[in-house]
Each structure stands twice: as C-alpha cells, then as structure tokens.
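>>> give me coordinates for this.
(one chain, ligands or ions: 1)
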Amino acid sequence: MKQAKKKIHIIVGARPNFIKLFNLIKCLDKIKNIRVFLIHTGQHYSLDLNKIFFNELKIRKPDFQIKSGSGNHAEQHAKVMINYQKIINNHKADLCLVIGDVNSTISCALIAKKNNIKVAHIESGLRSFDNSMPEEINRVLTDSISDYHFVTLKSAYKNLINEGVKKNKIFFVGNTMIDTLMYYKDHFVKSSSNLKKKYVLITLHRPSNVDNIKKLNLLLKKISMAFQDFEIIFPAHPRTFKQINKKRMDENITLIKPMSYLKFMKCMFYSSCVITDSGGISEESSFLNIPCITIRANTERPETINLGTNVLIDNNLGNLNILKKRLINKKWKKTKKFSKWDGQASKRIANIIENKILL
Ligand code: UD1
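Down below sits the predicted model:
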C-alpha cells in the first residue's frame, strides 16, 4: 500500500528567516515522501523587508500567509498563534520547522507543540545570556520545547548540552544563511560596482540602540566623527528610520531605505568595515573577512569574535578611534575557518529530516 506523504510546516516571519530559507526549502521540496508547507506569519510585511527577498532570491510563494503585522509583543505573538492554530486545524503536520529567534519562531513552536506536532529548531542553542533582549527569550523558550536542534556553531552545541539536551537530538549542520551567501557570492562580487572605495556600512535596529532617539543620534554622531574621512552608508530598518532626524544627519552619512539581499551583500563585500548590532551580519562579514564592529555588550555568536572579524563595543563607543586606527593600519584580525560553514547546511538538514526524523 502506498504510504501517505509526511507533512512539514516551515515557519518564516522576518527578513533574516527568508535568507536562511532560500536553499533549505529547495532541498526539502526535493524529498519525495514529504510535502512541505511554507507558512509566512506576516511579521515583516513591507516591500523592502519582505517581498523583495522572495522576488530577488526566487523563493516560492508561501502556502499560507498570516497577516500578523506590527504591534507590541503581546499582539504579535497572539495574532501569529491564533492564526497558526487555524491552519493546524485543517492541515496538521508531522513536523514544524522553526528558524532563528524572532517572535514568530516561539509563537509557532509553542502552538505546534501544544498540538502534538514535533518541533525542530534551526539555529538552536545560541545564547547571549542577556534576557533584556527579546530574541534571547525567544531562543531559550523555543529550545526548551524543541524535539530536534540544528546548530550552526560549536558554542551552541555546548550550550544545549549544558542545558541537558540529549546528544542524539542535536545536529551540528552548519549555517543555512552561509549556504545562501555562497550560492550568490559570485553574483554580488562580480556585478559591476559603482561603489566608492572607502566607505563604512552601518546597520542598527536593536531596540536597545534605536528606541531612544537621543541615544541613537548620539551614536550616529560618534560614528560619523570617528570615521569623518569615510563615507558612511546607512540602510536603515523602518524601526530606526522613523527615529532619525533626517535634516540634522551628519554630512558623511548617507541614509537610505533597507536594501535587497544582493545589493546589501555587494555593499558589505566592498566596504572597509561594517558597524552593526545584528548577529547575522557579524556572521556574514566574518565569513567574508570584512572587519566588523558590533555595538552590543554581548553576542550569542562568540565564534564571530574568536574565529571571525567581529569586535564588540558597548554603546559609549569609547574605543572607536582605536579600532579605526587598527583598520587604517591594516591590523584587523583575519577570519579563521568556521566548521561546516561550507554551503551544505540545508542539504544536511534535509537529509536528517528524511532519514532520521521522519523515517
Ligand atoms: C525583528 C526581530 C529581530 C530581527 C529583525 C530583523 C523580534 C522580536 N525581532 O525585529 O530579532 O533581527 O526582525 O529585521 O522578532 N516594520 C515595518 N515594516 C515591516 C516590519 C516592521 O515598517 O515589514 C516596523 C514597524 O514600525 C514595527 C517595527 O518595524 O513596529 C519593528 O518590527 P518588528 O517585526 O516588531 O521587529 P524588528 O525590529 O523588525
């Protein structure tokens, strides 16, 4: 008798999820005995945080679109949970695959678990040990109810072991975001460049850096002064964009709307340095051996510091001038090899799901 196909829900909601999804969904869609349902929670909905990635990376259309939109955390979690439950009522799955640490990740993991659907977490085990970050709460809670853990870094593996997760539930697979980067690298490296040689790329979107307008403006002022002989390209997330006084922007800062993936990666590749508060960008710049300064007191990705180009600097930015000297004198540390960041993470995940989890 022919066996019924097993079903997977893949949950995505926000910009970094879409980039990590690109190769993964292609690999999962190839498995014959599995039907993959892509569920978009609508956490990010603006063209330049959402559709532009699906169009540019040619990711297939979601099977289900929830319209959760913005709002406070309670509203966002509630809308995703209520609507994901409605989907489950008619289309129950055997496995729910959640990615990263955004609000949609924990919302759907929780509802899947309460409906007796197994949960697998991609990018599991990352810990900043800083519960003032919403993402840290999302990570810890998601991991506490996940049945399977796919990890990107050795430190994440250790964190899970320390928390009592069984070894046979943890799979060190590499990084699906690096799969995407490697797939498109030639494209953004070779595409003709109109970018000036000496510029710094900044991105800031963490509530702790941008929600206080005074603090944000002071941060930008200090960066602008330290790098006054550089052009500073600043594609700002909407959360940040609405906070900024565009008329009083320092002359060397070019404020622009968020970029598409390929434009952004090209801009990163040809930059002298990246200044950011994003964990994902500290990984991408480390992988590309581009100097990276992260404006945060901690990171859940310590390998970006030990193996990569990342340097942490808290938001009083006292060391910025020293770091700039290091950059100009070409004394920045070089990237070492990140284990299993080889473009094969999505294939490994698909293989484990097919042959171990949904067997
Ligand atoms: C979310 C994630 C964060 C991730 C980031 C990537 C959480 C808790 N945070 O942060 O981990 O690094 O995405 O970008 O899940 N907005 C728009 N258009 C959109 C979406 C948001 O204009 O499509 C604006 C709204 O004003 C909204 C604000 O951005 O209130 C914040 O959006 P939200 O999704 O709550 O969090 P992010 O800051 O994007």
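>>> do stretch 252-267 and the ligand come into contact?
No: applying Cβ under 6 Å from any ligand atom, one finds stretch 252-267 separated from the ligand by no less than 8.4 Å. Just so you know, the C-beta spots here come from the backbone N, C-alpha and C atoms, and that holds for glycine as well.
>>> can you list the buried residues in that stretch?
Under the neighbour-count criterion of 16 or more other Cβ atoms under 10 Å, stretch 252-267 has 252, 253, 255, 258, 259, 261, 262, 263, 264, 265, 266, 267 buried.
>>> cool, and stretch 91-108?
Buried residues in stretch 91-108 (16+ other Cβ under 10 Å): 93-108.
>>> out of those residues, which sit inside helices?
103, 104, 105, 106, 107, 108 (DSSP state H).
>>> what about stretch 284-295, average pLDDT?
In this model, stretch 284-295 has a mean pLDDT of 98.
>>> stretch 222-235 too?
Stretch 222-235 comes out at a mean pLDDT of 95.
>>> residues contacting it, please?
196, 198-203, 220, 250, 252-259, 264, 267, 271-272, 275, 317, 320-321, 324 (Cβ atoms under 8 Å, 6 or more residues apart in numbering).
>>> state which helix of this protein is the longest.
Max-length helix for the chain by DSSP H is helix 73-90.
>>> most proximal residue of the stretch 151-300 of the chain with respect to the ligand?
Using Cβ to the nearest ligand atom, residue 238 is the residue of the stretch 151-300 of the chain that sits closest to the ligand, at 3.2 Å.
>>> near the ligand, which residues of this structure?
So far as Cβ under 6 Å from any ligand atom goes, the chain lies against the ligand at 14-16, 43-46, 49-50, 70, 101-103, 134-135, 205, 237-239.
>>> let's see it at 8 Å
13-16, 43-46, 49-50, 69-71, 73, 76, 100-105, 134-135, 138, 205-207, 237-239, 242, 278-280 (Cβ under 8 Å from any ligand atom).
>>> coming back round to it: number of residues surrounding the residue of the stretch 151-300 of the chain closest to the ligand?
Using other Cβ atoms under 10 Å, residue 238 has 15 other residues around it.
>>> report pLDDT for residue 316.
On the pLDDT scale, residue 316 gets 77.
>>> now do the strands in the stretch 101-250 of the chain.
Per DSSP state E, counting those that start in this stretch, the stretch 101-250 of the chain carries strands over the ranges 118-122, 148-151, 170-172, 199-203, 231-235.
>>> before we move on, the earlier item: now secondary structure and pLDDT too, for the buried residues of stretch 252-267, in JSON lines please.
Conversion of the buried residues of stretch 252-267 to JSON lines gives the following (DSSP: H, G, I helix; E, B strand; the rest coil; pLDDT from 0 to 100):
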{"residue": "252", "secondary structure": "coil", "pLDDT": "94"}
{"residue": "253", "secondary structure": "strand", "pLDDT": "96"}
{"residue": "255", "secondary structure": "strand", "pLDDT": "95"}
{"residue": "258", "secondary structure": "coil", "pLDDT": "97"}
{"residue": "259", "secondary structure": "coil", "pLDDT": "97"}
{"residue": "261", "secondary structure": "helix", "pLDDT": "98"}
{"residue": "262", "secondary structure": "helix", "pLDDT": "96"}
{"residue": "263", "secondary structure": "helix", "pLDDT": "95"}
{"residue": "264", "secondary structure": "helix", "pLDDT": "97"}
{"residue": "265", "secondary structure": "helix", "pLDDT": "97"}
{"residue": "266", "secondary structure": "helix", "pLDDT": "95"}
{"residue": "267", "secondary structure": "helix", "pLDDT": "95"}
